[in-house]
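In: build the 3D model from these lines:
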Amino acid sequence: MRLLIVDDDQLVCQSLQLLLAKEEDIEVVNIAANGQAAIELCQKKLPDIILMDIQMPVMNGIESTKIIKEKWPSVHIMMLTTFQDEKNIRLALKAGAEGYLLKSTSIENMAQQVRTLKAGSTVLDADVLKTIMEPDRKVFEGLTERETDIVGLIAQGLSNKEIAEQLFLGVGTVRNTLSVILDKLEIRDRTQLAIYYWQRKQE
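Out: Next up is the predicted model:
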């Protein structure tokens, strides 16, 4: 997969480039120092995945993410930052980021999470999840309480089997309920459903 690294700290960029390039299935196509440069490189290189910092000069990562996802929706964006505050997490997800990792993540885990993101799953660091997973019993419009529970667990990255175990349901029941949820909300897959969930939590 083709990877673009965006961070205003040159040492971080070079370190990530060196370490991730050792992975057989990852090709680091370029590095960028700010969000504007990331947009320009997307035009030229069209990467599969972008590792995007948040606080950068010229244009920050959240603004850049919004523009890139509007222009190239197939590009997957993983925020990679030291910021763990709820506001930045929610703004990044609302802008279109499908993943949010902390820079303290090991290279091995980061590479695996990049693969998970490329496969179409939402990726959130465990500490990030703790930051934003406040008790929220708000039932989304048009969904039952049980359907809302399932959406919340999907947003946490749980599989149908894991959801079934947690809610004491059959896997088939979870799968069928998920189909009903997608139809009700007119959403095409579980990744978009997770993004929908976090966007609604931001409102």
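
In: now the element after the longest helix anywhere in the chain, going C-ward?
Out: Secondary structure of the chain per DSSP state H: the longest helix is helix 171-185. Going down the chain from helix 171-185, the next helix or strand is helix 190-202, by DSSP states H and E.

In: show me what counts as buried in that next one.
Out: Across helix 190-202, burial judged by 16 or more other CB atoms under 10 Å covers 190-191, 193-198, 201. Using the backbone N, CA and C atoms, a C-beta is placed for each residue, glycine as well.

In: so what touches that helix?
Out: 90-91, 93-94, 96, 98, 120-122, 132, 136, 140, 151-152, 154-155, 157, 178, 181-182, 185, 187 (CB atoms under 8 Å, 6 or more residues apart in numbering).

In: which PyMOL command selects the buried ones in these?
Out: Here is the PyMOL command that picks out the buried ones among these, judged by 16+ other CB under 10 Å:
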select buried, resi 90+91+93+94+96+98+121+122+132+140+151+152+154+155+157+178+181+185+187
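
In: quick one on the thing from earlier: what angle separates the longest helix of the chain from helix 190-202?
Out: Relative orientation of helix 171-185 with respect to helix 190-202: 60 degrees, computed using axes from the mean of the first three to the mean of the last three CA atoms, to 10 degrees.

In: does anything pack onto helix 171-185? Which helices or strands?
Out: helix 145-155, helix 160-167, helix 190-202 (3 or more CB pairs under 8 Å, 6 or more residues apart in numbering; DSSP states H and E).

In: let's see that helix as CSV, backbone CA atoms only.
Out: Below are the C-alpha coordinates for helix 171-185, written out as CSV (Å, rounded to 0.1, in the frame of the first residue of the first chain):
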residue,chain,number,x,y,z
VAL,A,171,-24.0,-13.8,15.7
GLY,A,172,-26.8,-14.1,13.1
THR,A,173,-29.0,-11.8,15.1
VAL,A,174,-26.3,-9.2,15.2
ARG,A,175,-25.7,-9.6,11.5
ASN,A,176,-29.4,-9.2,10.7
THR,A,177,-29.8,-6.2,13.0
LEU,A,178,-26.8,-4.5,11.4
SER,A,179,-28.5,-5.0,8.0
VAL,A,180,-31.6,-3.3,9.4
ILE,A,181,-29.6,-0.4,10.8
LEU,A,182,-27.8,0.2,7.5
ASP,A,183,-31.1,0.2,5.7
LYS,A,184,-32.7,2.5,8.2
LEU,A,185,-29.9,5.0,8.1
